[in-house]
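> just the structure for this:
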Amino acid sequence: MSEIKTDSFVDITDVICPVTFVKAKVALEDLNNGQVLEIKLNDGEPIQNVPRSLKNEKHKVLSVDKNEDGTYTLAVVKGGLLEV
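Down below sits the predicted model:
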């Protein structure tokens, strides 16, 4: 993961679409606007759909990193506003 400070983490590699987005959304609901959630998710439908769905909900995807085990790690700012 890059130099992004995250406020919370959720691993959704154990679920399949569309539950992946639901779990990511529920995790974001626990945060305040401007806080960063780190999400670990699988290749395929999750990495194709979750970032797009989060953007549609007005959140900002800061980074998408591919992990050595074939999963991905996403950093997302709730509400799309990053408080520096």
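
> then the helix or strand where K40 lies to CSV, C-alphas only?
In this structure, K40 sits in strand 36-41 according to DSSP states H and E. Extracted in CSV, the C-alpha atoms of strand 36-41 (Å, rounded to 0.1, in the frame of the first residue of the first chain):
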residue,chain,number,x,y,z
VAL,A,36,-10.3,6.5,4.3
LEU,A,37,-11.4,2.9,4.1
GLU,A,38,-9.0,0.2,2.8
ILE,A,39,-10.8,-2.7,1.1
LYS,A,40,-9.3,-6.0,0.1
LEU,A,41,-11.1,-7.7,-2.7
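
> report all helices and strands that it contacts.
Strand 36-41 is packed against strand 8-11, helix 19-29, helix 45-56, strand 72-77, with contacts defined by 3 or more Cβ pairs under 8 Å, 6 or more residues apart in numbering; DSSP states H and E. Just so you know, the C-beta spots here come from the backbone N, C-alpha and C atoms, and that holds for glycine as well.

> again, 10 Å this time
Judged by 3 or more Cβ pairs under 10 Å, 6 or more residues apart in numbering; DSSP states H and E, strand 36-41 is in contact with strand 8-11, helix 19-29, helix 45-56, strand 60-66, strand 72-77.

> TSV please, covering those and showing mean neighbour count.
What follows is the helices and strands packed on strand 36-41, written out as TSV (neighbours: other Cβ atoms under 10 Å):
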stretch	mean neighbour count
strand 8-11	14
helix 19-29	17
helix 45-56	17
strand 60-66	15
strand 72-77	22
